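Chemist: I would like to see how this sequence folds:
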Amino acid sequence: MGKPNILLITSDQQHFDTIGAFNSQISTPNLDRLVKEGATFQRAYCPNPTCTPTRASILTGQYPSQHGAWTLGTKLLEDRHTMGEDFLENGYRTALIGKAHFQPLQATDEYSSLEAYPLLQDLDYWKRFKDEFYGFEHIELARNHTNEAHVGQHYALWLEEKGCKNWRDYFVEPTGTMSKEIEHRWPIPEEYHYNTWIAERTNHKLEEYKQNNENFFMWASFFDPHPPYLVPEPWDRMYDPEKLTIPKGVEGEHQKNPPHFQMTQEESPDFSAYRETGIGIHGYHSHLVDEKRHKKLTATYYGMISMMDKYIGKILDKLDELGIAEDTIIVFTSDHGHFFGQHGLQFKGGFHYEDLIKVPFIVRYPGKIPAGHISNAMQSLVDLAPTFLSFTEIPIPRAMTGVDQSKVWMNQKDHARDHVICEFRHEPTTIHQKTFVDERYKITVYYNQTYGEIFDLQKDPQEYNNLWDQEEYQTLKSQLLLKYVWAELGKEPMPMPRIWGA
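Modeler: Modelled structure (predicted):
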């Protein structure tokens with residue numbers, strides 16, 4: 001057997017417990033197939049619970065505080081080294097189909113952006129675009145979450161090629177005519193949905209690589225189930241809201257938490273003191289949703305996942321059809337998690353509960369990774385780059401601070417890390433937090449603040465009891481703070497000193 005191919009499949013903002021193999025209320029037969037044929041890691045974490053920072057970490061093998069794309073609105077600078085460049089230098093073909101989001105939606109004096117207006121919707125520009133993009137020699141991009149007005153790039157070109165000349169009607173103003181008030185059922189036909197586009201174009205590239213007998217590193221990057229909650233019929237009716245277990249918070253659970261937790265449970269909270277730059281912050285708003293709407297949103301969220309699963313299945317089937325499944329490492333994961341009622345929260349933000357920072361994580365490599373294996377070995381998305389390079393026998397750059405998980409994936413080693421770190425920074429000073437998680441405990445610290453969070457994940461897996469201020473846990477707090485400090489100091493790459501006998 002020669003070197004393996006790498007196929008990374010990602011969803012966007014998917015809660016870790018939304019795979020049918022582990023949750024009987026949702027149907028995901030194709031992800032279940034990966035669970036059966038591969039290994040599932042139940043303690044996988046993102047390095048940041050928002051899109052750009054984590055996606056940049058996947059590419060670079062570095063934390064957001066290291067690669068510089070530390071929040072939405074920043075960008076991964078073009079001079080940052082990516083694993084795609086390593087694959088290209090070693091004879092691999094590289095491609096990205098779907099969502100990139102390495103650059104901001106609005107260009108500024110500080111950050112230029114190919115993923116911003118007006119280039120975003122300049123279809124002639126994207127028709128001609130042939131440049132390398134962060135180590136990907138071939139890209140087909142879009143920027144949407146369901147019916148957002150950002151539609152353009154290669155997805156819009158594909159829609160026109162498919163004969164969907166009125167594609168703008170399915171997207172909100174200013175580019176379309178659809179109302180922002182529409183929820184749940186997206187009028188776009190399934191044949192024109194971006195899931196269909198991603199699967200079709202991914203399979204087209206797989207056929208090309210097979211025909212040319214070429215190794216590849218490819219990223220199939222799906223947009224769902226990121227809100228707005230919209231999905232074409234019949235997927236919008238797949239789940240009965242009254243039959244689902246709807247996640248909720250516990251009365252009074254935020255009384256021991258930092259102030260911004262409690263404020264989310266108010267009708268009209270005033271977060272102006274946190275908005276140093278005057279720009280809205282993910283999660284810093286009221287999270288109150290009436291019961292009926294909450295149930296329907298959950299049903300739609302599940303429908304989005306099930307539809308996406310169908311098109312992931314089409315990619316898996318194509319690998320089988322081409323006879324390259326045995327030679328391809330597949331990783332399925334998500335860029336970060338999601339709240340759909342847990343702790344009384346919705347969507348995402350500066351709340352580092354497991355629901356938001358843990359991600360689904362399945363790995364398949366027939367004959368190398370044991371089938372049906374379930375592991376609690378800790379994973380971080382910063383580990384993907386060095387692990388992929390290790391499997392393909394490509395040297396891992398010294399600047400990558402993720403760890404090589406290859407032996408853990410193959411069940412030859414119990415674990416490769418004893419902790420993970422998750423970062424969230426939105427404002428220069430007012431919103432800046434970091435979380436350290438080890439086998440049992442989790443601690444979250446805030447820049448220049450005396451409040452924080454400590455949870456015992458063994459005794460309190462639902463994270464209802466914040467131990468930060470409890471007298472009997474102050475020794476534990478000191479120990480965890482010291483562990484966090486050393487984890488922070490230890491993850492910076494340092495040159496190896498020359499050692500010589502005296």
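Chemist: low-scoring stretches of this structure, by residue?
Modeler: For the chain, the stretches with pLDDT under 70 are 1, 491-502.
Chemist: what's the closest non-adjacent residue to the residue most central in space within it?
Modeler: Centroid-nearest residue in the chain: residue 335, 0.5 Å away (criterion: CA atoms, centre = their mean). In this structure, residue 335 finds its nearest non-sequential neighbour in residue 54, 4.6 Å apart by CB to CB, 6 or more residues apart in numbering. C-beta: built from backbone N, CA, C; applies to glycine.
Chemist: so what's that neighbour up against?
Modeler: For residue 54, the contact set (CB atoms under 8 Å, 6 or more residues apart in numbering) comprises 46, 47, 48, 64, 335, 336, 381.
Chemist: Tell me the one among these nearest to residue 253.
Modeler: Nearest to residue 253, judged by CB to CB, of these is residue 336 at 21.9 Å.
Chemist: So the closest one is in contact with residue 51, correct?
Modeler: Yes: look at residue 336 against residue 51 with CB atoms under 8 Å: they come within range, at 7.5 Å.
Chemist: picking up where we left off before, mind checking which of the contacts of residue 54 land in strands?
Modeler: Under the assignment DSSP state E, the contacts of residue 54 contribute nothing to strands.
Chemist: Do I have it right that residue 411 meets residue 373?
Modeler: Yes: counting by CB under 8 Å, residue 373 is a contact partner of residue 411 at 6.0 Å.
Chemist: where do the contact lists of those two overlap?
Modeler: residue 39.
Chemist: quick check, residue 454 in a strand?
Modeler: Yes: counting by DSSP: H, G, I helix; E, B strand; the rest coil, residue 454 falls inside a strand.
Chemist: Pull the number of nearby residues for the nearest residue to it once chain neighbours are set aside.
Modeler: Take residue 454 and drop its neighbours on the chain: the residue closest to it by CB to CB, 6+ apart is residue 467, 4.2 Å away. Residue 467 has 22 neighbours, counted by other CB atoms under 10 Å.
Chemist: and if you look at the one 10 residues further on?
Modeler: If you count neighbours by other CB under 10 Å, residue 477 ends up with 17.
Chemist: same check, this time on residue 288
Modeler: 14.
Chemist: Quick check, it in contact with residue 265.
Modeler: Yes: Residue 288 is within contact range of residue 265, at 6.7 Å (criterion: CB under 8 Å).
Chemist: Find residues that contact each of these two.
Modeler: Among the neighbours of residue 288, those also in contact with residue 265 (CB under 8 Å, 6+ apart) are residue 344.
Chemist: what ranges do the strands span in the stretch 151-300 of the chain?
Modeler: 184-185, 216-221, 230-231 (DSSP state E, counting those that start in this stretch).
Chemist: Is it correct that the residue nearest to the centre of the chain is in contact with residue 44?
Modeler: No: taking contacts as CB under 8 Å, residue 335 lies outside contact range of residue 44: 11.7 Å.
Chemist: coming back round to it: quick one: the residue nearest to the centre of the chain from residue 360, how far?
Modeler: Relative to residue 360, residue 335 is positioned 11 Å away (criterion: CB to CB, to the nearest Å).
Chemist: cool, and residue 416?
Modeler: 19 Å.
Chemist: These two: which is more packed in?
Modeler: A side-by-side neighbour count of residue 416 and residue 360, using other CB under 10 Å, places residue 360 first with 26 against 20.
Chemist: I'd say that one and residue 332 touch.
Modeler: Yes: here residue 360 reaches residue 332: they are 6.8 Å apart, a contact under CB under 8 Å.
Chemist: Many thanks, I have nothing further to ask.
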